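> Show me how the following folds:
(4 chains)
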2 protein chains.
Amino acid sequence: MMDVARLAGVSHQTVSRVLNDHPNVRQSTRSRVLWSMQELGYRPNSAARTLVTGHSRTIGVIGLDSTLYGPAATMHGVDDAARHADYRVNTVGLASIDRLSVLEAVERLATAGVEGVVVIAPLSSASEALADLPTDIPTVVVNAHPESGIASVTVDQADGAQRATEHLLAAGRGTVWHVAGPANWSESKGRVEGWMRALDEAKVDVPPPLTGDWSARSGYEAGRVLARLPEVTAVFAGNDHMALGLLRALHEFGRAVPDEVCVVGFDDIPEAAYFTPPLTTVRQDFSEVGRRCVRLLIGQIESTGDAAECSVVMPELVVRRSSTPNKVP
Amino acid sequence: MMDVARLAGVSHQTVSRVLNDHPNVRQSTRSRVLWSMQELGYRPNSAARTLVTGHSRTIGVIGLDSTLYGPAATMHGVDDAARHADYRVNTVGLASIDRLSVLEAVERLATAGVEGVVVIAPLSSASEALADLPTDIPTVVVNAHPESGIASVTVDQADGAQRATEHLLAAGRGTVWHVAGPANWSESKGRVEGWMRALDEAKVDVPPPLTGDWSARSGYEAGRVLARLPEVTAVFAGNDHMALGLLRALHEFGRAVPDEVCVVGFDDIPEAAYFTPPLTTVRQDFSEVGRRCVRLLIGQIESTGDAAECSVVMPELVVRRSSTPNKVP
DNA sequence: TACCGCATTGTTAACGCTCACACTCTTCGG
DNA sequence: CCGAAGAGTGTGAGCGTTAACAATGCGGTA
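The predicted structure is shown next:
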């Protein structure tokens, strides 16, 4: 910086002013400084700036070490929004999903000097771990439990699940079975809740839900059970990957989809439209979730705000072949 | 830090020594300092440390703003390896794929003070952009062209493609068609190359390859073309998602897989085993790729090394139902 | 006893930047 | 023609840490 100043014939402070777009710099001086910076290939040192201002312009993201579509898509939304707000993004993948590991991840980021944290790990354990966190650092959690009192952006899982279930009920085939996600995910809970609500309102029996782990494999396992029960005519899968496994199992057992069994998924992954048959599902706008996280977080950071705001994104039912039979069995 | 020193009755330098595990600190002093840190909830300031040491212990990752499985999985490998090496990870998603945007991303990271960059954006444009980069910052590129002379970790795409094609040829049905990935991806090129090599060696005709964009949609489009050509009996898809679309199209046109048409994909995404029918594919160990990237990069960083090393990971053919017909047509 | 060597600790000066303040030079109204 | 306001610029301090060197105290050896 001194070099730039010398070359431009000004003081280091003037260079700093140019760097920070201060108004009181003469145009000619400004361009001379700019030119010098160019000439010398000068790059401001962010560590020094952070040290003196106390602001790192960096947010941390805690993500799951998985390749699940939802978290990855949300991550991109976060990254994009942060870039536009001129913030850097520091990621930490969670080694395991217990609260200790969440705490450790937060600690890592805190030491790295982030100004806020977005948690894309919608596990109960994460929310709990965060609840009794040193509150000295702004935090936004994706799909946190509303009661937890932390700022969060949530997709209304229950609403989506309810609509999916109602859609299946509308086929008039009786009750709807459910392959749920892991019990410790808040998403799972919301979806189970919405599914039950729809069944209750329609006054039909609530069959016992099966539980998977979001993977196609687990959907397949569940499918092998369901396929053998002749009374199963409609299944709401907790996500699209499990729906894929389910479709596979039904196919193997010769149960035609959608003519014998209707299936609905959740997420609307890009491939869902190309399943056999194309999958009816509930779309979540993940990148919007990511963007809102950043907006909320930066709000908290820059206004020294408190307000544990919550933002809710509504999902949308996308009807495809897997739930629209031609003939009634 | 001063506070900690005062509470422990030592100088700030001794605190620093404890922090950095210097040998010459008496055990009793060390624990007293440690206790003070605990007591005061002290956290070292990484900006200050970076400023004085000149090392940020941060690496940058340039990724594609996509939810493709490969890049996401590689990213996790990088994140994991970096964490274990006690480096932080700064991500930047690429807004678009032109060279300007790559350069801009590198510039962002450089300003953020990263000590090295991993590029997970295996586009020709990325490699080119990187080739004429200010070489003042260590860089490792995933699947860069070997000729480019940059350090990289590559999966031997051509080998995988060749083996996939040979596997299809072994069914004895004549030539193998190919749905390639986008032309500007180095992966695509390698896979096309391997496919052609296999056909050449078997002395069979090389049909014109179709080109997709990795998405299931594009595979479906290609499938609608291929399904109508009765001479098509074996197809090698550039990745699993396109294979999925392909399967869908073949199904719609009543072409049985694998009995009429054999299909092989590439990547072995977790869902591939649950396609209808389960997909034969070529597995890439993405997290290994990520881990090696970090190892190479840290090697470059810490040894002030030059050595544009290249590391090659071999893919593996995974045979499933989609390429193993019962009856010969 | 005198002195060397080592373990342990303290002191001072950077690192590159921004902030607060001081200073100079215009410009303009009275 | 003088003084005040304000634009434009420079000076010095300090952000929290580590590196280099200096200083202290202890045990052992000549």
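
> quick one: contacts for A:Lys189?
A:Gln157, A:Ala183 (C-beta atoms under 8 Å, 6 or more residues apart in numbering or on different chains). (C-beta placed from N, C-alpha, C; glycine too.)

> Also A:Val312?
Contacts for A:Val312 (C-beta under 8 Å, 6+ apart) come out as A:Val153, A:Thr154, A:Val155, A:Asp156.

> can I get these in JSON lines with secondary structure?
Output for these, formatted as JSON lines (DSSP: H, G, I helix; E, B strand; the rest coil):
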{"residue": "A:Val153", "secondary structure": "strand"}
{"residue": "A:Thr154", "secondary structure": "strand"}
{"residue": "A:Val155", "secondary structure": "strand"}
{"residue": "A:Asp156", "secondary structure": "coil"}
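
> DNA strand C: which of those is nearest?
A:Val153 (30.6 Å; C-beta to the nearest atom of the strand).

> what's the neighbour count on the closest one?
Using other C-beta atoms under 10 Å in any protein chain shown, A:Val153 is surrounded by 28 other residues.

> of the contacts of A:Val312, closest to B:Leu94?
A:Val153 (24.2 Å; C-beta to C-beta).

> so which residue of the stretch 101-250 of chain A comes closest to DNA strand C?
For the stretch 101-250 of chain A, C-beta to the nearest atom of the strand, closest residue to DNA strand C: A:Gly113, 13.9 Å.

> Oh, that last question was meant for the stretch 201-329 of chain A, not what I typed.
The stretch 201-329 of chain A approaches DNA strand C most closely through A:Glu302 (13.8 Å), counting by C-beta to the nearest atom of the strand.

> Surely A:Val232 and A:Trp177 touch.
Yes: if you go by C-beta atoms under 8 Å, A:Val232 and A:Trp177 touch, sitting 5.4 Å apart.

> Now do the shared contacts for those two.
Residues within reach of A:Val232 and of A:Trp177 at once, by C-beta under 8 Å, 6+ apart, are A:Leu226.

> residue closest to the middle of chain A?
A:Thr74 (4.0 Å; C-alpha atoms, centre = their mean).

> Quick check: it vs DNA strand D, distance?
According to C-beta to the nearest atom of the strand, to the nearest Å, A:Thr74 and DNA strand D sit 33 Å apart.

> Just want the angle from the helix or strand harbouring that residue to helix B:69-84.
Using DSSP states H and E, the element containing A:Thr74 is helix A:69-84. Going by axes from the mean of the first three to the mean of the last three C-alpha atoms, to 10 degrees, helix A:69-84 is angled at 70 degrees with respect to helix B:69-84.

> pLDDT on helix A:69-84, on average?
Averaging pLDDT along helix A:69-84 yields 93.

> repeat for stretch A:32-48
In this model, stretch A:32-48 carries a mean pLDDT of 92.

> I'd guessed the residue of the stretch 101-250 of chain A closest to DNA strand C sits against B:Asn45; true?
Yes: between A:Gly113 and B:Asn45 a contact is recorded at 7.0 Å, counting by C-beta under 8 Å.

> higher neighbour count, the two?
A:Gly113 (25 against 16).

> ok so, going back, dump the residue contacts of the residue of the stretch 101-250 of chain A closest to DNA strand C.
A:Thr50, A:Ser56, A:Thr58, B:Asn45, B:Ser46, B:Ala47.

> Check the offset of stretch A:226-241 from the chain's centre.
Counting by C-alpha atoms, centre = their mean, to the nearest Å, stretch A:226-241 is centred 26 Å from the centre of its parent chain.
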